[in-house]
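Enquirer: mind folding the following:
(one chain, ligands or ions: 1)
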Amino acid sequence: MSLSRLDKLIALNCNVSRKEAREIIKEGKVNVNGRLILRAEELIDTMLDEVSVKGFDFTLKNHIYIMLNKPAGVITATKDENKKTVIDLIPPELSRKSLFPCGRLDKDTTGLLLLTDDGDMCHRIVSPNHCIYKTYIAVLSRPLESADIKKIESGIILKDGTKCMPAKVRYFTDDYSYFAEIKISEGKYHQVKRMFAAAGNHVDKLKRIQIGNLKLDDSLAEGQCREITKEELQLIFE
Ligand code: URA
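Expert: I've put the predicted structure just below:
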């Protein structure tokens, strides 16, 4: 069972404000399981109840989950006076007042960022207690020695003395660059950059490509986003 107020659900599913949702209800446009409902505070079970609203077409949901391919130069925040935020990249049809980024990527980091209005789900994804691995590709300025990989994999100590949890590292090169794929299950400030700095290296570029088993959709250009399905959401926890 997943209960939610009718006006809140209509606001989310029809992309209108709460006030507009209450007006829609008052105007007699809302049916629940085939019955006209006029009470904004009516509790709806989003797993069982069928809600229809005249003039709107939707499949009922009680939260929204969006995958964004974050470009560099945009900050992970809900609003800022001067700088462009990830919320500014969400098109009106997906935008909701209650939307916030789930976790944080640095301004110059690109790749997979989730945005949602579901605080509990976000906590499950970002809290280190739930051990959800986030996978990044780092472009390094120098080759990575196997002794450094071992340090990172066994829990490296940052320059300020903070001990990191064990991470997983795969190192590879091409003719021009040095790369590391790194999986971490916590999200300390600038963590990946600081881990490689503690190993005497430097991250020139960083991209997040996966959260749990959910991969960044590579058909999304930088700056593009889309809603994810329930099945994709589950991949995070598998
Ligand atoms: N680690 C970093 O250093 N930066 C990010 O944006 C994410 C993880």
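Enquirer: list the buried residues in stretch 166-182.
Expert: Ala167, Val169, Tyr171, Tyr178, Phe179, Ala180, Ile182 (16 or more other Cβ atoms under 10 Å). For every residue, glycine as well, the C-beta is placed using N, CA and C.
Enquirer: now, which of these sits nearest the ligand?
Expert: Ile182 (8.9 Å; Cβ to the nearest ligand atom).
Enquirer: who does the residue most central in space within the chain bridge with?
Expert: By Cα atoms, centre = their mean, the chain has its centre lying nearest to Leu114, at 1.4 Å. As for beta bridges, Leu114 partners with Met67, Cys102 under DSSP bridges.
Enquirer: so it is in contact with Leu105, correct?
Expert: No - with contacts counted by Cβ atoms under 8 Å, Leu114 stays clear of Leu105, the gap being 10.5 Å.
Enquirer: and Ile209, how far from Lys134?
Expert: 9 Å (Cβ to Cβ, to the nearest Å).
Enquirer: which of the three states applies to the residue lying closest to Phe100 once chain neighbours are set aside?
Expert: Spatial nearest neighbour of Phe100, excluding adjacent residues (Cβ to Cβ, 6 or more residues apart in numbering): Thr78 at 5.5 Å. Classification of Thr78 by DSSP: H, G, I helix; E, B strand; the rest coil places it in coil.
Enquirer: how much space is there between Glu50 and the ligand?
Expert: Computed as Cβ to the nearest ligand atom, to the nearest Å, the Glu50 to the ligand distance reads 41 Å.
Enquirer: circling back: show me which pair in the buried residues of stretch 166-182 is furthest apart.
Expert: Maximum pairwise distance in the buried residues of stretch 166-182, criterion Cβ to Cβ, is 17.0 Å, between Ala167 and Tyr178.
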